[in-house]
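> I would like the atomic coordinates for the input below:
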Amino acid sequence: MADVLERDVQAAILDIARLLGWRAYHTFDSRKSEAGFPDLVLVRDRIIFVEVKREGQRPRPNQVEWLNALSSAGAECYVWTESDYDDAATILSHRVPEAA
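All right, here's what the predicted structure looks like:
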């Protein structure tokens, strides 16, 4: 599993998300962006921030800071690797009921 690149993991997650009707944003060139911002922003009936990692890798401290800040503000945040595809699909399949 360790030979799967982060971009391949991200592409697979994006495929799942788009298949399930999510809009996705990824900063193409993050060199001039805020360091540590999550790799993906997914929007459908809610907003999700995803940090994508290769198997066995952990988020860097600035990535953890962003995820914690977003989570503290009420956002759904995840760190997903190749082994998380099933969990990601389950989470992305869930729909928030519409308000009555």
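
> Mind listing what's buried along stretch 28-48?
Neighbour counts using 16 or more other C-beta atoms under 10 Å place G36, F37, P38, D39, L40, V41, L42, R44, I48 of stretch 28-48 among the buried residues. (Glycine included, C-beta is placed from N, CA and C.)

> List phi and psi for the closest residue to the first one other than its chain neighbours.
If you skip the residues right next to it in sequence, G36 has N62 as its closest partner in space, 3.1 Å away by C-beta to C-beta, 6 or more residues apart in numbering. With angles defined as degrees, to the nearest 10, N62 sits at phi -70, psi -30.

> Need the buried residues of stretch 28-48 in JSON lines (columns: distance to L14 and secondary structure).
Output for these, formatted as JSON lines (distance: C-beta to C-beta, whole Å; DSSP: H, G, I helix; E, B strand; the rest coil):
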{"residue": "G36", "distance to L14": "20", "secondary structure": "coil"}
{"residue": "F37", "distance to L14": "17", "secondary structure": "coil"}
{"residue": "P38", "distance to L14": "13", "secondary structure": "coil"}
{"residue": "D39", "distance to L14": "10", "secondary structure": "coil"}
{"residue": "L40", "distance to L14": "7", "secondary structure": "strand"}
{"residue": "V41", "distance to L14": "11", "secondary structure": "strand"}
{"residue": "L42", "distance to L14": "9", "secondary structure": "strand"}
{"residue": "R44", "distance to L14": "13", "secondary structure": "coil"}
{"residue": "I48", "distance to L14": "12", "secondary structure": "strand"}
